[in-house]
Every structure is written in structure tokens, then in C-alpha cells.
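**Q** Predicted model and sequence follow; I will ask about them next.
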Amino acid sequence: MPVVNRIADFSADMTRWRQYLHTIPELEFECHETAAFVAERLREFGVDELHEGIAKTGMVAIINGQGDGPTIGLRADMDALPITEETGVDYASQNPGKMHACGHDGHTTMLLGAARYLAETRNFSGRVALIFQPAEEDGGGAGVMVEEGIMDRFDISQVYALHNAPGFAEGTFYTTPGPIMAAVDTFEVHIQGVGGHGAMPHETRDPVMAACGIAQAIQTIVSRNHYALDDLVVSVTQIHTGTVNNVIPDTAYINGTVRTFDPNVQQMVMRRMAEIVEGQAKSYGVEARLEYNVDYPATINDAEKAGFATEVAREISGDDRVTGNTGREMGAEDFSYMLQKRPGAYLFLGQGEGAGLHHPKYNFNDEIAPVGASFFARIVEKAQPLS
């Protein structure tokens with residue numbers, strides 16, 4: 001079964017929605033204009049319930065099917081990124097320094113397309129809960145919505161989400177059972193030394209050399225403290241210190257990210273990083289303070305639901321265009337919080353060639369919006385068929 005015919009009929013409307021959303025990117029929980037547009041469309045479609053103001057600007061819309069049954073959740077993220085757009089399209093961002101560089105405008109549009117179809121046809125039992133979420137990029141909006149009780153409040157029994165994938169053939173799907181995306185942590189190291197003249201380093205306690213030593217030693221966590229076949233990434237991404245060429249500064253700052261799947265590996269990294277920072281600081285005669293922040297957990301698909309979602313995707317795109325066991329990757333996603341509470345699956349939808357995610361020239365491919373909307377619609381109809 002290809003794209004649902006009725007969804008194909010209003011694909012031009014979906015393009016208009018998406019391109020309008022692209023002009024009004026908003027960050028984190030401040031998705032006020034985006035949420036207002038989404039709510040207006042949902043009311044037009046005739047959803048049965050609309051619950052707004054969840055996680056500040058998030059919402060859950062309920063569409064009742066025919067007859068009793070469970071509630072299935074479908075999620076789309078709405079927020080943008082603090083990036084200056086360089087696409088040159090005539091519907092480019094009108095909000096300076098903000099852009100939809102990850103395709104959340106497209107994700108929102110796909111779920112709106114599914115909402116319109118499901119509200120018209122209601123060819124399913126039970127209910128569908130349409131989850132429009134802010135703050136995926138930063139803030140963990142999914143976790144906040146879970147903390148505010150959406151899974152229990154709306155009696156959601158299973159939950160699904162999609163993300164576009166640049167560089168993969170247009171309209172293809174891929175996912176995997178079990179872990180699909182990593183847990184993400186961040187760390188900061190604040191180093192306090194004693195500065196002085198660059199010509200008299202013996203009178204200082206040099207934080208620059210300490211920063212270099214700590215950054216290098218941190219890399220040995222991956223190379224010497226964990227089993228080589230366990231996935232682990234530790235990346236130092238920032239070192240800031242100094243202002244001029246003849247002064248040794250007082251302070252230095254290190255920042256980075258850690259990606260893991262296994263909580264035991266995560267705990268080992270935390271322990272070793274604390275030991276390294278303390279030991280290196282002593283060896284260089286400086287003081288150093290480690291701040292380790294545990295962030296989004298690993299995104300773990302339920303194996304049965306991932307298999308079911310794969311079969312639905314094959315109905316939409318064909319057997320040879322869907323991969324159901326692609327393996328995991330080291331990116332992170334706050335949909336993980338929803339999957340901690342309910343079984344479900346997270347899938348990627350190929351959008352063809354073009355700039356990658358989080359790039360100032362990235363742009364969502366409108367041709368795949370009906371594909372994603374069809375997937376969402378068929379997930380509901382297949383999971384909760386009419387008896």
C-alpha cells in the first residue's frame with residue numbers, strides 16, 4: 001500500500017503548513033506561535049479533545065475511533081534551533097538567529113496530516129492521542145510532558161515517533177529493535193590556576209597546560225577503561241582560556257559530551273572522569289572542579305513494537321525500502337523518556353540528498369510529508385483495527 005490516497009489529496013495543504021511553520025521557528029519551550037497554528041488546524045479538523053499548555057506550549061489532541069479500545073500515542077516535536085538560516089528559500093526564517101534546521105516543522109506537519117485523515121475517517125477503535133511537543137533540542141520537553149502525566153492522564157498504551165534522515169533515499173524507513181540512540185551527558189571542567197607573565201612561567205600555576213593534560217587524559221577513558229565492543233563516545237568540544245600572547249591566564253574551561261547505552265559504562269565514565277580531573281589538577285598544581293550532567297537517556301525501542309512499525313512502513317514504502325534492523329547510533333533524542341514509560345518505536349524516514357541536520361542550509365523535503373503522515377495513520381489503523 002503506497003501513500004494513503006486521501007492524504008495525497010491534501011499534500012499541497014501540508015506543504016503550505018510546513019513552509020509557514022518554517023518561517024516562524026521558536027526555541028525550547030517558547031513555541032507559542034507554532035502551538036497556536038497547530039491548535040487552530042486541529043480545531044478545524046474536528047478533534048474531540050484538545051489539551052493545551054502541557055510543558056508550557058505542548059498539547060495533546062484526542063481523536064475517538066469507533067468503539068472501545070486502547071489509546072495509541074503519536075508524537076511530533078515542534079521546536080527549532082539557534083542557527084542563522086542560509087537556505088535562500090522564499091519561506092526562510094523570519095526570526096533572526098533561529099531556524100528549523102532539524103525538520104521539526106516537517107514532523108509537526110506529518111502529524112497534522114495524520115490528524116486530518118484520522119479525524120475524517122475514524123477507521124479505528126479506541127482513541128489516538130496526538131502529542132505535539134516543545135523543547136526536544138534542549139530542555140527535554142518529552143520528559144516534562146511525561147512528568148506532567150500525559151501517559152496516565154490519557155491512558156496511552158503505546159507510542160511512536162518519526163525523524164527525517166537526510167542522506168537516505170527519499171521515502172525509505174529504518175529502525176531497529178532495542179537501543180537505537182544513545183544516552184547523552186555533558187561535562188564541564190573549571191580550572192583555577194595562578195596567572196602571570198608569559199616570560200616567567202615558574203611564578204605561575206598554569207591552567208593552560210592543566211587543561212591540555214586533562215583533555216588528553218579524558219580520552220584514555222575510551223581507549224583504556226572500557227571494552228572495545230561497547231559503544232562509547234567521549235568528546236572534548238571546547239577549551240577556553242587566555243586573552244593575549246604574553247600572559248599566562250588564571251583560569252581555563254573545558255566542555256564536552258559523553259554518549260553511552262549501558263548504565264554501567266556511564267557510571268564508569270563518571271567515576272574515571274572525576275579521578276582524572278582530580279589527579280591531573282594535583283599534578284599541575286591547580287584546582288579543578290568537574291560538573292557532570294546526566295541528560296537524555298538512551299532511546300530504546302520495544303522489540304515487538306519496532307517489528308510492527310517496520311511492517312507498517314513496508315506497506316507504505318515497499319519491502320526493499322525498509323530496514324528493520326539497522327543498528328544503533330550515537331545521537332540522542334528525548335523521545336526516550338516516553339519509551340521509558342510505554343512500549344513503542346522510533347523510526348527514521350529518508351528525505352533524500354541535501355544538507356545534514358543542524359546545518360544552516362538544511363531544509364525539510366516536503367515530498368516525504370505525505371509518506372510520514374500515511375505511516376502515522378496506518379500505525380493507528382493497524383494497531384487498533386475495527387472489529
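**A** Arrived safely.

**Q** Run through the residues that contact His32.
**A** The contact partners of His32, by CB atoms under 8 Å, 6 or more residues apart in numbering, come to 26, 57. The C-beta positions use only the backbone N, C-alpha and C, and glycine is treated the same way.

**Q** again, but for the one 3 residues further on
**A** With contacts defined as CB under 8 Å, 6+ apart, the neighbours of Ala35 are 52, 57-59, 78, 132, 134.

**Q** Give me the subset of those residues lying in helices.
**A** In helices, judged by DSSP state H, none of these are found.

**Q** Pull out the buried residues from the residues you listed.
**A** Among the contacts of Ala35, those classed as buried by 16 or more other CB atoms under 10 Å are 52, 57-59, 78, 132, 134.

**Q** Save the residues you listed as CSV, and put in pLDDT and distance to Pro201 too.
**A** Formatted as CSV, the buried ones among the contacts of Ala35 follow (pLDDT from 0 to 100; distance: CB to CB, whole Å):
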residue, pLDDT, distance to Pro201
Glu52, 98, 60
Thr57, 98, 53
Gly58, 98, 54
Met59, 98, 59
Met78, 98, 52
Phe132, 98, 57
Pro134, 98, 50
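
**Q** Verify the contact between Phe187 and Ala274 for me.
**A** No. At 9.8 Å, Phe187 does not count as touching Ala274 under the criterion of CB atoms under 8 Å.

**Q** Point out where the stretch 151-300 of the chain drops to low pLDDT.
**A** Along the stretch 151-300 of the chain, segments meeting pLDDT under 70 are nowhere present.

**Q** which residues in it form helices?
**A** Taking DSSP state H, counting those that start in this stretch, the helices of the stretch 151-300 of the chain run over residues 207-218, 220-224, 263-284.

**Q** in the longest one, what counts as buried?
**A** Residues of helix 263-284 classed as buried under the neighbour-count rule (16+ other CB under 10 Å) are 265-266, 268-270, 272-273, 276-277, 280-281, 284.

**Q** quick revisit: what about the contacts of Ala35, which are in strands?
**A** 52, 58-59, 132 (DSSP state E).

**Q** right, and out of these, which lies closest to Ile254?
**A** Proximity to Ile254 was ranked across those by CB to CB; first place goes to Gly58, at 34.5 Å.

**Q** is it true that the closest one touches Ile131?
**A** Yes. Gly58 sits in contact with Ile131 when judged by CB under 8 Å, with a separation of 7.4 Å.

**Q** Which neighbours do the two have in common?
**A** Contacts common to Gly58 and Ile131, judged by CB under 8 Å, 6+ apart, are Met145.

**Q** helix, strand or coil for the residue positioned nearest the centre of the chain?
**A** Residue closest to the average C-alpha location in the chain (CA atoms, centre = their mean): Glu333, at 3.4 Å. Reduced to three states with DSSP: H, G, I helix; E, B strand; the rest coil, the structure at Glu333 is coil.

**Q** Please name the residues that touch it.
**A** By CB under 8 Å, 6+ apart, the contact set of Glu333 is 136, 163, 181, 296, 299, 346.

**Q** what's the farthest-apart pair in those residues?
**A** Using CB to CB, the two most remote members of these are His163 and Tyr296, lying 13.8 Å apart.

**Q** Compare these two (neighbour count), which wins?
**A** Between His163 and Tyr296, His163 has the larger neighbour count (other CB atoms under 10 Å), namely 23 against 20.

**Q** pretty sure the more buried one is touching Leu349, no?
**A** Yes. If you go by CB under 8 Å, His163 and Leu349 touch, sitting 7.1 Å apart.

**Q** returning to that earlier point: make JSON lines from the helices of the stretch 151-300 of the chain and add distance to Arg18 to it.
**A** Shown next, in JSON lines, are the helices of the stretch 151-300 of the chain (distance: least, CB to CB, whole Å):
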{"stretch": "helix 207-218", "distance to Arg18": "42"}
{"stretch": "helix 220-224", "distance to Arg18": "40"}
{"stretch": "helix 263-284", "distance to Arg18": "37"}
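
**Q** Understood, closing this out.
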